[in-house]
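S.K.: With the sequence up front, the predicted model follows.
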Amino acid sequence: MTGAAAFPPLDPLDLARALIRCPSVTPEDAGALTVLEAALRPLGFVCERMRFEEPGTAPVDNLWARLGTGPRNFCFAGHTDVVPPGDPGLWSVDPFAATVGDGRLWGRGASDMKAAVACFIAAAGRFVQSGRLPADGALSLLITGDEEGPAVNGTRKVLARLAERGETIAACLVGEPTNPAVVGEMVKIGRRGSLNAWITVRGVQGHSAYPHLADNPIPRLVRLLALLDASPLDAGSQHFQPSSLAITSVDVANRATNVIPAQATAQINVRFNDLHSGESVCRWLTERCAEIGGDIALRFEISGESFLCPSGPLSRAVVDAVVAVTGRHPELSTTGGTSDARFIKDFAPVCEFGMAGATAHKVDENISTADIEVLTCIYERVLRVYFAGGDSA
């Protein structure tokens with residue numbers, strides 16, 4: 001694409017601050033997508049709002065923006081929703097004031113991940129202005145307001161809508177805060193799967209003075225949890241750390257001191273690697289329950305399967321850009337939690353790279369203002385390297 005119209009360069013810091021000033025706690029948009037549309041339209045992007053809802057969930061606004069019609073569609077995926085700030089009195093600044101001080105940008109969403117969205121848009125503007133977008137290329141952004149929440153009315157449904165009308169993505173970069181402390185440390189090329197399970201052990205209620213007349217479910221639940229805690233699923237695989245199991249809640253809902261409860265429930269979360277599937281983890285948990293025996297009910301919720309995107313033009317472009325801009329050689333990692341990449345991997349090669357995540361979701365969330373320009377330069381170089389390659393991801 002040559003002869004691109006001139007436009008004033010976007011300042012990624014200004015754009016990041018405008019986004020942070022929108023209190024877009026999931027599922028509220030609070031004007032964040034309007035801020036993005038105002039930045040994207042002058043660059044030539046066609047912007048489309050997609051609103052999804054279903055019974056039992058809040059409606060969510062999403063944004064699909066595209067420049068160019070070529071099949072080599074490079075997509076940046078991210079989210080403008082944020083987690084609640086908690087008690088504002090614990091912050092040293094207003095969490096939605098986007099304060100700049102001491103060389104840092106402070107505010108909810110600075111790290112996760114409004115600054116990364118701003119950086120990519122600024123990088124896209126520079127790339128388009130350079131005239132390097134080829135005729136068979138396209139740039140797009142998939143921005144959801146439902147990543148930090150249940151993830152029901154966001155990325156997954158946008159992708160389904162695109163598939164219904166035959167619109168494809170050739171490669172996707174997700175702007176999650178992948179770097180532990182410094183931009184350039186880590187690129188995510190996969191993620192562990194995630195599964196939640198609720199285990200209810202049933203017994204017979206009775207008086208605590210006559211335990212022989214009751215069936216106390218708590219000792220059985222304790223033995224089961226001890227078994228699960230002492231039974232590693234695996235020792236890790238080539239690209240993944242060992243799977244982990246965390247006990248996240250134990251509850252008997254018993255306010256009386258002299259009553260043996262009728263049931264006891266525990267909640268666990270399993271992060272599993274590519275040696276397992278969600279279904280195989282469910283079977284493993286069911287087998288452990290059978291070892292304890294008795295009346296035990298299980299309920300499962302699989303948040304996402306593990307996945308790995310092999311090395312290709314996309315990951316090579318990201319690594320090249322990080323090395324060229326920062327001099328650091330990033331680790332290719334699959335650590336951490338889940339992201340919307342778990343949905344995107346079924347549609348296109350995907351990897352993740354964004355800001356430092358040390359303060360994400362914390363009080364006084366903040367990032368280095370210098371890193372905003374660094375990340376913008378990395379994203380611009382990713383586009384240059386990727387489209388100069390002449391092949392798909």
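M.R.: Cool, the structure landed.

S.K.: Now the residue nearest in space to the middle of the chain: phi and psi?
M.R.: Centroid check for the chain by CA atoms, centre = their mean gives Ser339 as the closest residue, at 2.4 Å. Dihedral pair for Ser339: phi -150, psi 180, per degrees, to the nearest 10.

S.K.: residues in contact with it?
M.R.: Residues in contact with Ser339 (CB atoms under 8 Å, 6 or more residues apart in numbering) are Glu147, Val174, Glu176, Lys188, Arg191, Glu352. Backbone N, C-alpha and C define where each C-beta goes, glycine included.

S.K.: go on, Gly304?
M.R.: The contact partners of Gly304, taken as CB under 8 Å, 6+ apart, are Arg191, Gly193, Ser194, Thr338, Arg342, Phe343.

S.K.: can you map out the helices along the stretch 101-250 of the chain?
M.R.: Assigned by DSSP state H, counting those that start in this stretch, the helices in the stretch 101-250 of the chain fall at 115-129, 155-164, 217-229.

S.K.: right, so those helices: which one is the most enclosed?
M.R.: helix 115-129 (a mean of 26; mean count of other CB atoms under 10 Å).

S.K.: Whichever of the contacts of Ser339 end up buried, select them in PyMOL.
M.R.: Provided next is the PyMOL selection string for whichever of the contacts of Ser339 are buried by 16 or more other CB atoms under 10 Å:
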select buried, resi 147+174+176+188+191+352
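
S.K.: Would you check which pair of the contacts of Ser339 lies furthest apart?
M.R.: With CB to CB as the measure, no two of the contacts of Ser339 lie farther apart than Glu147 and Lys188, at 14.7 Å.

S.K.: Quick check: the gap between the residue nearest to the centre of the chain and Phe307.
M.R.: According to CB to CB, to the nearest Å, Ser339 stands 11 Å off from Phe307.

S.K.: shared neighbours, those two?
M.R.: What both Ser339 and Phe307 touch, as defined by CB under 8 Å, 6+ apart, is the set Arg191.

S.K.: correct me, but Val174 touches Asp340?
M.R.: Yes. In this structure, Val174 is within contact of Asp340 by CB atoms under 8 Å, at 6.5 Å.

S.K.: thought Gly78 was touching Met113?
M.R.: Yes. Look at Gly78 against Met113 with CB under 8 Å: they come within range, at 5.5 Å.

S.K.: Could you pull out the residues contacting both of these two?
M.R.: Joint contacts of Gly78 and Met113 (CB under 8 Å, 6+ apart) are Gly175, Glu176, Gly354.

S.K.: who touches both of Val174 and Asp340?
M.R.: Common contacts of Val174 and Asp340 (CB under 8 Å, 6+ apart): Ala77.

S.K.: Would you tell me which helix is longest in the protein?
M.R.: The longest helix of the chain (DSSP state H) is helix 369-389.
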